[in-house]
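Student: Structure of the sequence below:
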Amino acid sequence: MAAPRLLAICCSFLCHCFRSRKKDTDDAVLVKESNSTDSAPSLEMNSASGKIPASPLRVPPSPLRVPPSPGRFSMSPKLDRIGSVHLTMRQIARATQNFSPSLKLGEGGFGTVYKAQLQDGQMVAIKRASKEHSDTLRSEFRSEIELLAKIDHRNLVKLLGYVDKGNEHLIITEYVPSGTLREHLDGVYGSCLDFGQRLEISIDVAHGLTYLHSYAEKQIIHRDVKSSNILLTERLRAKVADFGFARLGDTESGKTHVLTKVKGTVGYLDPEYMRTYQLTPKSDVYSFGVLLVEILTGRRPVDSRRSPDEKVTIRWAFWKHNNGETEDLVDPQMKETMDVKTCNKMLDLAFQCAAPTRVDRPDMKSVAERLWAIRAKYLKRAGKE
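Tutor: Numbering: from 1, shown residues only. Next comes the predicted model:
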């Protein structure tokens, strides 16, 4: 009788020791994603169509290895423990001056992004969901914070916290001070990005997407890669932002997700994804190919103000490139003398990424490797190494 009684006492003691304590979570935390209004807004659709001329080039295997990923993944924290910034709605209202229009950084499908200064002086960004769409945006809100909680990389915007209370849904991220890539291509800040800066930004974005596809705890497909979702630091290093449309990928290689709705931005959308509703990481690769052409030309992917032959930038660029007119493609804002060989290599890569079918596209890891090799040769020619 003594042994069973002793065992019962021990079990009771252990249960008491390991019982989890409830934590009061009155309100929550903050996040930043600067999202300027795009000429081609993010959208979702039930059907779409689009064709891009196929690149005649196939993807050769790269013998180079991409440099070590700048950030390592961390195991997913529980959502009630996310971040380092914990605020009440009253504190958020004070930090944003009651959501003052003067502090607005951008606006997107999810809502509005505000710049905010905390009591300790830290700058953050707060994305506030539109109240009139509160119920319909709840799933996107939860998806974004759950996916942001899984990532930790210097080329991806970092989640600091969130608020999910009543009809208030806010995401709090790090503040990235130098605006969006699209704003820089538009000359909003006065100075023009030179070729070297554009190449470094391309590599940063490729690293961020490589991490999402290959090194995060679970594969993540961004689904809305575009220039207005690329934020730049003071040193013009790039961070991929806005994970509202992101989805977890399939851990088994070659598997696809069949979705009922297509989401993304006009001009960047993978035509095969639009046609088949099958989502894979290669859809991000397609968007990156379009982005690479945008970075080199400075043109938006779709520009209705231009002549019919030039409205769809990637078609126009493909035609020019095929006819040996690469110099006509380069953003005229760049005053420097361009290395045509380097531009041709970047365009070859861009058109392979934007191939109409996913089987002809490289994966993001290979893209990053090839961009790194292009950078090495460019620096060598320029005598910068």
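
Student: Was I right to think F243 contacts A149?
Tutor: No. The criterion here is CB atoms under 8 Å, and F243 misses it with A149 at 10.3 Å. Glycine gets a C-beta too; all of them are placed from N, C-alpha and C.

Student: which of those two has more neighbours?
Tutor: Neighbours were counted for F243 and for A149 using other CB atoms under 10 Å; F243 has more, 30 against 19.

Student: residues in contact with the more buried one?
Tutor: By CB atoms under 8 Å, 6 or more residues apart in numbering, F243 lies in contact with 143-144, 147-148, 220, 222.

Student: Now L349. Nearest residue, chain neighbours left out?
Tutor: Among residues not flanking L349 along the chain, R370 sits closest, at 5.6 Å (CB to CB, 6 or more residues apart in numbering).

Student: So for the helix or strand in which the one you found is found, mean pLDDT?
Tutor: Using DSSP states H and E, R370 sits in helix 364-382. When pLDDT is averaged along helix 364-382, the result is 94.

Student: got the CA positions of that helix in PDB?
Tutor: Taking Å, rounded to 0.1, in the frame of the first residue of the first chain, the C-alpha atoms of helix 364-382 are listed here in PDB:
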ATOM      1  CA  MET A 364      15.600  30.700 -56.500                       C
ATOM      2  CA  LYS A 365      18.700  29.100 -55.100                       C
ATOM      3  CA  SER A 366      20.100  28.800 -58.600                       C
ATOM      4  CA  VAL A 367      19.000  32.300 -59.400                       C
ATOM      5  CA  ALA A 368      20.900  33.600 -56.400                       C
ATOM      6  CA  GLU A 369      24.000  31.700 -57.400                       C
ATOM      7  CA  ARG A 370      24.000  33.100 -60.900                       C
ATOM      8  CA  LEU A 371      23.400  36.700 -59.700                       C
ATOM      9  CA  TRP A 372      26.400  36.200 -57.300                       C
ATOM     10  CA  ALA A 373      28.500  35.100 -60.200                       C
ATOM     11  CA  ILE A 374      27.400  38.000 -62.300                       C
ATOM     12  CA  ARG A 375      28.300  40.400 -59.500                       C
ATOM     13  CA  ALA A 376      31.800  38.900 -59.100                       C
ATOM     14  CA  LYS A 377      32.500  39.400 -62.800                       C
ATOM     15  CA  TYR A 378      31.000  42.900 -62.800                       C
ATOM     16  CA  LEU A 379      33.200  43.900 -59.900                       C
ATOM     17  CA  LYS A 380      36.300  42.400 -61.500                       C
ATOM     18  CA  ARG A 381      35.700  44.300 -64.800                       C
ATOM     19  CA  ALA A 382      35.000  47.500 -62.900                       C
END
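
Student: For it, which helices and strands make contact with it?
Tutor: Secondary-structure packing of helix 364-382 (3 or more CB pairs under 8 Å, 6 or more residues apart in numbering; DSSP states H and E): helix 195-210, helix 281-297, helix 340-353.

Student: Please work out which of these is packed deepest.
Tutor: With neighbours defined as mean count of other CB atoms under 10 Å, the helices and strands packed on helix 364-382 peak in mean count at helix 281-297, which reaches a mean of 25.

Student: now for that helix, which elements pack on it?
Tutor: Looks like helix 281-297 contacts helix 181-185, helix 195-210, strand 220-221, helix 271-276, helix 313-322, helix 340-353, helix 364-382 (3+ CB pairs under 8 Å, 6+ apart).

Student: Just put these in a markdown table and tack on distance to T96.
Tutor: Output for the helices and strands packed on helix 281-297, formatted as a markdown table (distance: least, CB to CB, whole Å):
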| stretch | distance to T96 |
| --- | --- |
| helix 181-185 | 21 |
| helix 195-210 | 27 |
| strand 220-221 | 29 |
| helix 271-276 | 36 |
| helix 313-322 | 36 |
| helix 340-353 | 38 |
| helix 364-382 | 35 |
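
Student: quick one, which of these is nearest to N229?
Tutor: The closest of the helices and strands packed on helix 281-297 to N229 is helix 181-185. By CB to CB, the value is 8.4 Å.

Student: I'd like to know how far E217 sits from L147.
Tutor: 10 Å (CB to CB, to the nearest Å).

Student: Of those two, give the one with the bigger neighbour count.
Tutor: L147 (22 against 13).

Student: Return the residues in contact with that one.
Tutor: L147 sits in contact with 220, 243, 246, 248, where contact means CB under 8 Å, 6+ apart.
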